[in-house]
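Student: Model the following, please.
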Amino acid sequence: MLSIRNGDGSVEQRILDAAAACILANGVERTTMTEIARRARVSRPTIYRRWPDIRWVIAELLTVRIAGVLEAIPDRGVGREATVGRVVAVADHLQHDDIVQAVIHNAPGLAMTYIADRLGTSQQILIDALAEAIKAGQDEGSIRTGDPREMAAMCLLITQSTIQSAQMVAELLDARAINVELGHALNGYLRP
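Tutor: Below is the predicted model:
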């Protein structure tokens, strides 16, 4: 999959913006390459030169959005509390991202690929960032010993489960409560 960070930016960004607009207007399942091309003011072959099909366009859109959230929520310092705070903030943002939620709830086949079958690019980016923070927290003494990448992967599973299932328990845990409980779960897991 091409990343817009490797392309010229303007055409790729227009295409991804158009894909997001189509998803919001028509839903994930009714978003087509033709409609994306029309909204982006490019030809369909222009899109196909960058991505082989609609699933790849949507996957790239998700990668850009998720990586963008990570970039937008700054590192809060070294240590368990700072790391957990950032993870909870990222999760909170993704729980309220219209595109991410549209894919989770309206395109279960696509979502399940990244929930159950394989790690996507955005998940790898999150694991890499979290493993680095875990290692720093271990060196500082507030995070238990263990393989930082394995621990980061487990934190991803805990957090991803929270994001994808938050709507199911909304009557029991409102947005504030789910963030508090996610923080407790991650703190307990990482505590020495």
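Student: Excluding sequence neighbours, find me the nearest residue to the spatially most central residue of the chain.
Tutor: Residue closest to the average C-alpha location in the chain (Cα atoms, centre = their mean): I66, at 3.6 Å. Distance criterion Cβ to Cβ, 6 or more residues apart in numbering; nearest residue to I66, sequence neighbours excluded, is S122 at 3.8 Å. In short, each C-beta sits where N, CA and C put it, glycine included.
Student: What lies in contact with the host helix or strand of the one you found?
Tutor: S122 belongs to helix 121-140 when assigned by DSSP states H and E. With Cβ atoms under 8 Å, 6 or more residues apart in numbering as the test, helix 121-140 has contacts from 1, 3, 59, 62-63, 65-67, 70, 75, 78-80, 82-83, 86-87, 90, 114, 119, 143-146, 148-149, 151-153, 155-156, 160, 190.
Student: next one: that helix to chain centre, how far?
Tutor: 15 Å (Cα atoms, centre = their mean, to the nearest Å).
Student: For that helix, C-alpha coordinates in PDB please.
Tutor: Only the C-alpha atoms of helix 121-140 are listed here, as PDB (Å, rounded to 0.1, in the frame of the first residue of the first chain):
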ATOM      1  CA  THR A 121       0.100  -0.400   9.100                       C
ATOM      2  CA  SER A 122      -1.600   1.900  11.700                       C
ATOM      3  CA  GLN A 123      -1.500  -0.900  14.300                       C
ATOM      4  CA  GLN A 124       2.200  -1.300  13.600                       C
ATOM      5  CA  ILE A 125       2.700   2.400  14.000                       C
ATOM      6  CA  LEU A 126       0.900   2.300  17.300                       C
ATOM      7  CA  ILE A 127       2.800  -0.700  18.600                       C
ATOM      8  CA  ASP A 128       6.200   0.900  17.600                       C
ATOM      9  CA  ALA A 129       5.300   4.100  19.500                       C
ATOM     10  CA  LEU A 130       4.000   2.300  22.500                       C
ATOM     11  CA  ALA A 131       7.000  -0.100  22.600                       C
ATOM     12  CA  GLU A 132       9.300   2.900  22.700                       C
ATOM     13  CA  ALA A 133       7.300   4.500  25.500                       C
ATOM     14  CA  ILE A 134       7.200   1.200  27.400                       C
ATOM     15  CA  LYS A 135      11.000   0.800  27.100                       C
ATOM     16  CA  ALA A 136      11.500   4.300  28.400                       C
ATOM     17  CA  GLY A 137       9.100   3.600  31.300                       C
ATOM     18  CA  GLN A 138      11.000   0.400  32.100                       C
ATOM     19  CA  ASP A 139      14.300   2.300  32.200                       C
ATOM     20  CA  GLU A 140      12.700   4.900  34.400                       C
END
